[in-house]
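Chemist: return atomic coordinates for the entry below.
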Amino acid sequence: MIISGLSFDVLITDIKMPGSLDELELARHVIANDQTTRVIVTSGFSHRLVDLGKDAVFLSKPFIPARLVEMI
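Modeler: Okay, the predicted model is just below:
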């Protein structure tokens, strides 16, 4: 994913974030527009990511940092 000249290999986003940004829409946008950026979605709530398909990985909170490193 490239934003303002910066490229990203991994997007890690939480489903519930403050503000008006919909993090699942962000994940969907990245999946649809950049096949090289890996997407990891995290939440302390139980969610099914059926609508994100196989292109995103869900990481339930709380998690240990080593688990996140494994996923990356």
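
Chemist: distance of residue 22 relative to residue 66?
Modeler: Taking Cβ to Cβ, to the nearest Å as the measure, residue 22 falls 29 Å from residue 66. Using the backbone N, CA and C atoms, a C-beta is placed for each residue, glycine as well.

Chemist: the more surrounded of the two?
Modeler: More crowded of residue 22 and residue 66, by other Cβ atoms under 10 Å: residue 22, with 12 against 8.

Chemist: any figure for the gap between residue 28 and residue 18?
Modeler: Separation of residue 28 from residue 18 (Cβ to Cβ) stands at 20 Å.

Chemist: just the helices in the chain please.
Modeler: Using DSSP state H, the helices of the chain run over residues 23-33, 65-71.

Chemist: indicate which one of those helices is closest to residue 59.
Modeler: helix 65-71 (6.2 Å; Cβ to Cβ).

Chemist: off-centre distance for the closest one?
Modeler: Here helix 65-71 is found 14 Å from its chain centre; the criterion is Cα atoms, centre = their mean, to the nearest Å.

Chemist: on that earlier part again, among the helices of the chain, which is the most enclosed?
Modeler: Comparing the helices of the chain by mean neighbour count (mean count of other Cβ atoms under 10 Å), helix 23-33 ranks first with a mean of 15.

Chemist: I'd like the mean pLDDT over it, please.
Modeler: For helix 23-33, mean pLDDT is 84.

Chemist: now swap in stretch 42-57 and tell me
Modeler: Across stretch 42-57, pLDDT averages out at 73.

Chemist: thinking again about what came up before, export the helices of the chain as a markdown table, with columns for distance to residue 59.
Modeler: As requested, those are exported to a markdown table (distance: least, Cβ to Cβ, whole Å):
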| stretch | distance to residue 59 |
| --- | --- |
| helix 23-33 | 12 |
| helix 65-71 | 6 |
